[in-house]
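Quick one, what's the 3D model for this:
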Amino acid sequence: MDEKRSECYESLNKLFEKYKDNSYIQQRIYNHVVMYLPNTIDDEFKNYEKRQNLNVSLTQEQQIFIQIFLSKNNYYYLNSNNFFYKYDGTNYFIIKEDEIIHKLLSTITNERLLLQWKHKTKINILKQIKDRHLFTSIPETDTIQNVLNSLSPLIFSTKNAAKYFLTIIGDNILKKNTNLIFLVNSQLKQFLNELSDTAIICVNHTNVMGNFMTKYHENHLYENCRLIKINTNFSNDYWRDMLKKIGLNLLCVSVYYSKRYENSDKFIERKADEDLKTYTYYLKNNNQENIVNEFCDQFIIDSDIQDKLEWKNIHFIWKQFLSDQNFPNIMYTNNLKNILKSKYTYDENNDLFYGITSKYLPIYKEFINFWNSTIKITTDLSNNSFYNELEIDELCFLFKIRTKQNISEEVVFKILTHFFPHIEIIDNKFILNVTSSMWNKISDITGSFHFIKDKIQNNSNNSALISLDDMYDHYKHCCLHNSICLIVSKRYFENYIYYKLSDFIIYDKFIKNDWIYS
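Model prediction:
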């Protein structure tokens, strides 16, 4: 301060020295310094105080505005993809920066208090939003329950199982428990892919399902393996639609659970019931010998030495054990076979075991005998031939007629894929290019044509076109009229009509009336 005063004195002295011979200028210097400067300085001081007070007031208003704005509008950000997010208390959304700016500037304009600091306030708020990481948000109860209700009981049998799954996903996003391997049924591969794609799109996380496996590998230590029990009978379409609606919610709830429970293992230890804990830690708490012993206790029976089980049958029964326990493939078949060799007498030449049987074997053998004696595989696949098929539920019904025994579609599907891997099955339902000696489907359909023609001719509302739906209804009535208990599916019926009556088909779904008189 003394330096500035000295500089002022020196500057003034220089002016007087410069104009020492000019009385007019000296008088002007005097007037400016003595008469005008004090008033100018007073005015400057008053304006300075006003600006300071205004800045203090605007700063306070800005702080209050930002606090209220961010509390009313839950905006978040991720550096990894440069995305902004909004949470409305129920759902999370990806939102454009322009939408946030528009909302912000509109609010400032409406309240009018920070018009002078519009730009400054915008920059300040955007900076604070970018410091609010998406995964610091805490989902409300409604959001959590909506996610859980979407997962349980359709995909997970209990909410605890769903919570465990979500905690694992959260761990993966936050890079926890990277040593763990989570084994799931191979049927759920599409399920995992859909969730992985959602994580990439929504939060730019490329490895959210990286430690989920559908096949056991010998490099996986049982100590680090966890089993995930997921229902396999839900629709992938449902899962895909659900992820489109609440995929981001699911990811945010997952991170919340991971933070809340620390990690997935801690969740199991603190929150899981005994059933979930036992299933999850099944591999962790067992070795291969223990597992094979459990399999043998449940599925294999010691018997006379002349009894024998072929390895292919034991392998199939092992698959049934895995299915009953809802286990994925948890062991190489060679390891299973070697452990069984150490327990039972094995014939290398014939690939079978002596002195054992299984209570589950008769129904399998019965079905295989039924298949071999009644089912013929079509070999003529020329363009002019009709591609016959049987549905698995039809096969079950035919088996019941022949043997008086019930067998489930699931068991039939497993038998066919294990013992007859060369046959073609689509959608786990339709067995292609096979016929049954017990049921000539084509004969039943063609045998109904006379009945159908009579019905149509006797109909007073006879039209120029016959719909395939009406054709199928008439066919079913013909079967009932003739006490035929086996009725082909609408799919099969229409496929055969397309093949047999192609010259009469019009508009894809109709037959010309000319067919009646053919």
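
Below-threshold pLDDT in the chain: ranges please.
1, 52-60, 62, 66, 108, 110-117, 380-384, 460-462 (pLDDT under 70).

Geometric centre of it: which residue is closest?
A centroid search over the chain (CA atoms, centre = their mean) returns residue 195, at 4.0 Å, as the residue closest to the centre.

Please name the nearest non-neighbouring residue to it.
In space, and not counting its chain neighbours, residue 195 is closest to residue 209: 6.1 Å by CB to CB, 6 or more residues apart in numbering. For glycine as for every other residue, the C-beta is placed from the backbone atoms N, C-alpha and C.

dump the residue contacts of the residue nearest to the centre of the chain.
Taking CB atoms under 8 Å, 6 or more residues apart in numbering as the contact definition, residue 195 lies against 169, 208-209, 243, 247.

Would you mind writing the CA trace of the helix or strand that contains it as PDB?
Using DSSP states H and E, residue 195 maps to helix 189-203. Extracted C-alpha coordinates of helix 189-203, given in PDB (Å, rounded to 0.1, in the frame of the first residue of the first chain):
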ATOM      1  CA  LYS A 189     -26.500 -68.600 -23.500                       C
ATOM      2  CA  GLN A 190     -28.900 -66.200 -25.300                       C
ATOM      3  CA  PHE A 191     -30.000 -64.900 -22.000                       C
ATOM      4  CA  LEU A 192     -26.400 -64.000 -21.100                       C
ATOM      5  CA  ASN A 193     -25.800 -62.400 -24.600                       C
ATOM      6  CA  GLU A 194     -28.800 -60.200 -24.300                       C
ATOM      7  CA  LEU A 195     -27.800 -58.800 -20.900                       C
ATOM      8  CA  SER A 196     -24.200 -58.300 -22.100                       C
ATOM      9  CA  ASP A 197     -25.500 -56.300 -25.100                       C
ATOM     10  CA  THR A 198     -27.600 -54.200 -22.800                       C
ATOM     11  CA  ALA A 199     -24.700 -53.400 -20.600                       C
ATOM     12  CA  ILE A 200     -22.600 -52.300 -23.600                       C
ATOM     13  CA  ILE A 201     -25.300 -50.100 -24.900                       C
ATOM     14  CA  CYS A 202     -26.400 -48.500 -21.600                       C
ATOM     15  CA  VAL A 203     -23.200 -48.100 -19.600                       C
END
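
mind pulling up the phi and psi values for residue 302?
Main-chain dihedrals, residue 302, degrees, to the nearest 10: phi -70, psi 140.

I'd guessed it sits against residue 356; true?
Yes. Taking contacts as CB atoms under 8 Å, residue 302 lies within contact range of residue 356: 6.1 Å.

which of those two has more neighbours?
The neighbour count for residue 302 versus residue 356, taken as other CB atoms under 10 Å, is higher for residue 356 (22 against 11).

Now the more buried one. Its backbone dihedrals?
phi -140, psi 160.

about what we covered before: for the residue nearest to residue 195, grab the count of nearby residues.
The tally of other residues near residue 209 (other CB under 10 Å) stands at 21.

One more: the one 10 residues further on?
Counted with other CB under 10 Å, the burial measure for residue 219 works out to 6 neighbours.

Next, find the distance separating it from residue 159.
Here the criterion is CB to CB, to the nearest Å. By it, residue 219 lies 34 Å from residue 159.

circling back to that earlier point, and the contacts of residue 195 as TSV, adding secondary structure and distance to residue 291?
Below are the contacts of residue 195 laid out as TSV (DSSP: H, G, I helix; E, B strand; the rest coil; distance: CB to CB, whole Å):
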residue	secondary structure	distance to residue 291
169	helix	27
208	coil	29
209	coil	26
243	helix	34
247	helix	36
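
Any of the residues you listed buried? List them.
Buried members of the contacts of residue 195, scored by 16 or more other CB atoms under 10 Å, are 169, 208-209, 243, 247.

roughly how far apart are residue 161 and residue 517?
63 Å.

Mind checking which of those two has more residues around it?
Set residue 161 next to residue 517 and count neighbours by other CB under 10 Å: residue 161 wins out with 24 against 7.

The more buried one belongs to a strand, doesn't it?
No. Looking at residue 161 with DSSP: H, G, I helix; E, B strand; the rest coil, it is helix, so not inside a strand.

Make sure it is actually in contact with residue 277.
No. Using CB under 8 Å, residue 161 makes no contact with residue 277, being 10.9 Å away.

re the thing from before, quick check: of the contacts of residue 195, which lies closest to residue 332?
The shortest approach to residue 332 among those belongs to residue 209, at 23.3 Å (CB to CB).

hey, where'd the helices end up in the stretch 351-500 of the chain?
Assigned by DSSP state H, counting those that start in this stretch, the helices in the stretch 351-500 of the chain fall at 361-374, 392-403, 409-419, 441-447, 449-457, 468-481, 490-500.

hey, where'd the helices end up in the stretch 101-250 of the chain?
For the stretch 101-250 of the chain, helices defined by DSSP H, counting those that start in this stretch occupy the ranges 118-130, 141-151, 159-173, 189-203, 236-261.

Run the chain-centre distance for the shortest one.
Distance of helix 141-151 from its chain centroid, counting by CA atoms, centre = their mean, to the nearest Å, is 15 Å.

which residues are contacting that helix?
Contacts for helix 141-151 (CB under 8 Å, 6+ apart): 89-92, 159, 162-163, 165-166, 242, 246, 249-250, 252-253, 256.
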